[in-house]
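S.K.: below are the sequence and a predicted model; questions follow.
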Amino acid sequence: MKLKIYFLLGLSLILSACASNQEKQELKNPLEVLNGQTYNAREDSQLGGIPVTGTKNKVTRIHGVILQGEGVTATPVKFISVRLLDDDGVTIANATSDIKGAFVLSGIFFNGHYIVEITSKKFKGATRVYVNRYEQEITIQATPVK
């Protein structure tokens, strides 16, 4: 008896969905799946595109050392500020090197390209880094400003 009721209820739901007066939209191109209309995005909404199902929320650490010179004659540059910049030039994180020239930039950085830059009046230098894991190591070659 219960099986008949569930069957009839399911059948009625299927038939009512098929008899709907709404116009069915057929996707002509697979890339149309990525547009805002597929996800019912409004024109005035600030967010658009593909809905995010999960985000990276683990702290990423970029370990680095600032060196002046090359090879065995390279010496660490101590107490120099560095900053992490995104592709738009926005500062994401700051750090200062210790007595051994070592620094750690930490935060929630999404995968992508960044620039680690020295911010000093005495030295200049930068390196491009691609963040794709939680622990990364880099070296920045510092050159004196003339």
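M.R.: Cool, got the structure.
S.K.: grab the nearest non-local neighbour of I118.
M.R.: Computed as CB to CB, 6 or more residues apart in numbering, the closest residue to I118 that is not its neighbour in sequence is G125, at 4.6 Å. Glycine gets a C-beta too; all of them are placed from N, C-alpha and C.
S.K.: what's the distance between the one you found and I108?
M.R.: Counting by CB to CB, to the nearest Å, the separation of G125 from I108 is 26 Å.
S.K.: comparing the two, which residue is more hemmed in?
M.R.: Neighbours were counted for G125 and for I108 using other CB atoms under 10 Å; G125 has more, 21 against 12.
S.K.: please list all residues in contact with the more buried one.
M.R.: By CB atoms under 8 Å, 6 or more residues apart in numbering, the contact set of G125 is I66, E117, I118, I140, Q141, A142, T143.
S.K.: just the strands in this structure please.
M.R.: 60-68, 75-76, 81-85, 91-96, 102-107, 112-118, 123-124, 126-131, 135-144 (DSSP state E).
S.K.: what comes up buried for the fourth one?
M.R.: Think strand 91-96. Using 16 or more other CB atoms under 10 Å as the test for burial, strand 91-96 gives I92, A93, A95.
S.K.: same check on the fifth one?
M.R.: Residues of strand 102-107 classed as buried by neighbour count (16+ other CB under 10 Å): F103, L105.
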